[in-house]
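In: everything below, folded, please.
(one chain, ligands or ions: 1)
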Amino acid sequence: METISFERSIPVRHQVDVLVAGGGPAGCAAAWAAAKMGRKVLLLEGHSCLGGLGTAGMVPTFMHISDGYHLLCAGFASALLERLYQGAVHLKTGETGAGLSIRAEELKRIYDELLTEAGVEFYFHSQLIGVTMEGRKIDTAVFAAKSGLFAVRARQFVDCTGDGDLSVMAGAPFDMGDEEGHTMAGSLCSLWSGIDWKRVQKPDDREIARAIEDGVFAVPDHSLPGMWKISDSVGGGNIGHVFGLDATDEHSLTKGLIRGRQYMREYETYYKKYLTGYENMELIATASLLGIRESRRIRCVETLTFEAFRTLAVFRNEIGRYNYSVDIHPSNPSLEEHLKTSGNFSARHLAKGQSYGIPYGALVPQNTENLLVAGRCIGTDKLMEGSIRVMPGCYITGQAAGAAAALCAGNAQAPAGLNVQTLQKVLLELGAYLPNAKTED
Ligand SMILES: Cc1cc2nc3c(=O)[nH]c(=O)nc-3n(C[C@H](O)[C@H](O)[C@H](O)COP(=O)(O)OP(=O)(O)OC[C@H]3O[C@@H](n4cnc5c(N)ncnc54)[C@H](O)[C@@H]3O)c2cc1C
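Out: The predicted structure is shown next:
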């Protein structure tokens, strides 16, 4: 392929303490935490709203916010949930809060409000496209926006792009998918009206098997995440797997979006003909961001592994604890893959009251000196990405990365050398759930 070199003088438009790239659940929590600690914080988001996959991606529900007894994502998420559900979320003992439905428009507005109130400066339509480096330190991050190219200089940077774009630009190594590079399928989420929820029953594998046999689907897919109740007649669809996606490649994303939109007609037929309560359903919208379950995992100074899940690990340097299954979706549509990913679930599931610790080092990318990473692309093994990737998990790592960046910006130090006891103390002040923190010397 022909190559050219492209050189421009561009303005350094912002000088801040902390720059957060990407405004999904992790980015919002990170920016909020850093601003609450009095730092000058800028968040830049490529899309047109805050919230990432939970808003523009139309993901219809939150997964576990609690282990059945404690609000694991407390802090930023306490403020958010209180506003979203008009009052504190009171879960009965033993409830995890999984399946709390999301009205995406309200959630967008609440993110706007919370970040504005915290003093975060943020802009949309600003895509991170590169960095300038001084050794292992990011000097500036470069963005392409409607007004052209500009740079941002910051003391600390937080990568919340979901795909680890900033970390990779800064030279951090990464892994993607399994040994052969296969990643979990994505899904294009959607919104449907006209559902008679009173008549809806939980489908089982038989209906989908029948529809597959009848040739309803162009790509036979036995795994059906499902339709969630959003309001009396509206449903949020997390339906239809898009296989073979590479979330870091726009060609693959474009094909995936086109395929996802085509699937909607097939799923409409399936829901109307094979299930009850959906006879009058109508598609209102598909998401503007394709739902990506898995892309890069940034290699960090520590890795959150399945061993931590299995042993309910407690880390001296933990920045939070989480409880959610290792939720792996198929990477191809075969029945064999469906049985492989849906089977053996109990070994990848935590009981009420159980949780695993998240070590601070899983937020510190290797080979970098002023960068933290949060959200679904932190340093994990393949299995643990399947657990920590859900939104409450991203709030926990986002809040911690934002607080760590704020401390490092204040002390002019590298994240790898941060005193984690100091971080834990600050996180507790922000409201985080940290039962094992030892904040006394
Ligand atoms: C189909 C599907 C269903 C799911 N269901 C659930 C569920 O029921 N409950 C749950 O809790 N979780 C669910 N999840 C998981 C969850 O939604 C995501 O893993 C979570 O949103 C990840 O948060 P994040 O902040 O790391 O990344 P994202 O939500 O992906 O946000 C990243 C943000 O960064 C922006 N960005 C990316 N690159 C750049 C760049 N170069 N420059 C500037 N901005 C950039 C993006 O536009 C985006 O706004 C689901 C995920 C999928 C795909």
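In: for the chain, which strand is longest?
Out: For the chain, the longest strand by residue count, based on DSSP state E, is strand 148-159.
In: contacting residues around the worst-scoring helix or strand of the chain on mean pLDDT?
Out: For the chain, the helix or strand with the lowest mean confidence is helix 335-342, at a mean of 87 (criterion: mean pLDDT, DSSP states H and E). By Cβ atoms under 8 Å, 6 or more residues apart in numbering, the surrounding residues in contact with helix 335-342 are D221, H222, S223, I328, H329, P330, S331. Any C-beta I mention is one placed from the backbone N, CA and C, and that applies to glycine too.
In: alpha carbons of that helix, as PDB, please.
Out: Output in PDB follows, covering the C-alpha atoms of helix 335-342 (Å, rounded to 0.1, in the frame of the first residue of the first chain):
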ATOM      1  CA  LEU A 335     -23.900 -25.400  18.200                       C
ATOM      2  CA  GLU A 336     -20.700 -26.800  19.600                       C
ATOM      3  CA  GLU A 337     -19.500 -23.300  20.500                       C
ATOM      4  CA  HIS A 338     -22.900 -22.500  22.000                       C
ATOM      5  CA  LEU A 339     -22.800 -25.500  24.200                       C
ATOM      6  CA  LYS A 340     -19.100 -24.800  25.200                       C
ATOM      7  CA  THR A 341     -19.800 -21.200  26.200                       C
ATOM      8  CA  SER A 342     -23.200 -21.800  27.900                       C
END
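In: got the phi and psi for the residue of the stretch 101-250 of the chain found nearest the ligand?
Out: Across the stretch 101-250 of the chain, no residue is closer to the ligand than G162, which sits at 3.0 Å (Cβ to the nearest ligand atom). Here is the backbone geometry of G162 (degrees, to the nearest 10): phi 80, psi -40.
In: pretty sure it is touching G51, no?
Out: No - at 11.8 Å, G162 and G51 do not qualify as touching, with contact defined as Cβ atoms under 8 Å.
In: residues that sit against both of the two, list them.
Out: G24.
In: mind checking the pLDDT average for the helix or strand following the longest strand of the chain?
Out: Once the chain leaves strand 148-159, the next helix or strand it forms, by DSSP states H and E, is helix 165-169. Average pLDDT, helix 165-169: 98.
In: show me what helix 165-169 is packed against.
Out: Under the contact criterion of 3 or more Cβ pairs under 8 Å, 6 or more residues apart in numbering; DSSP states H and E, helix 165-169 touches strand 126-134, strand 137-145, strand 148-159, strand 296-298, strand 371-373.
In: next secondary structure after the lengthiest helix in the chain?
Out: Longest helix in the chain by number of residues (criterion: DSSP state H): helix 250-274. Next in sequence after helix 250-274, counting helices and strands by DSSP H and E, comes strand 282-286.
In: what angle sits between that next one and helix 250-274?
Out: 160 degrees (axes from the mean of the first three to the mean of the last three Cα atoms, to 10 degrees).
In: for the residue of the stretch 101-250 of the chain closest to the ligand, what are its contacts?
Out: G22, G24, A26, G52, L53, A247, I292, S295, G375, R376, C377.
In: could I have stretch 6-22 exported to PDB, CA atoms only?
Out: C-alpha atoms of stretch 6-22 as PDB (Å, rounded to 0.1, in the frame of the first residue of the first chain):
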ATOM      1  CA  PHE A   6       1.400  13.900   7.100                       C
ATOM      2  CA  GLU A   7       2.800  16.800   9.100                       C
ATOM      3  CA  ARG A   8       1.000  19.800  10.500                       C
ATOM      4  CA  SER A   9       1.500  22.400  13.200                       C
ATOM      5  CA  ILE A  10      -1.600  22.100  15.500                       C
ATOM      6  CA  PRO A  11      -2.700  24.100  18.500                       C
ATOM      7  CA  VAL A  12      -2.200  22.700  22.100                       C
ATOM      8  CA  ARG A  13      -5.700  23.700  22.900                       C
ATOM      9  CA  HIS A  14      -5.900  22.400  26.500                       C
ATOM     10  CA  GLN A  15      -3.400  22.000  29.400                       C
ATOM     11  CA  VAL A  16      -5.000  20.000  32.200                       C
ATOM     12  CA  ASP A  17      -4.100  17.800  35.200                       C
ATOM     13  CA  VAL A  18      -5.900  14.800  33.900                       C
ATOM     14  CA  LEU A  19      -7.100  13.900  30.400                       C
ATOM     15  CA  VAL A  20      -9.700  11.100  30.100                       C
ATOM     16  CA  ALA A  21     -10.100   9.700  26.600                       C
ATOM     17  CA  GLY A  22     -13.500   8.100  26.100                       C
END
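In: average pLDDT for it?
Out: pLDDT averaged over stretch 6-22 gives 97.
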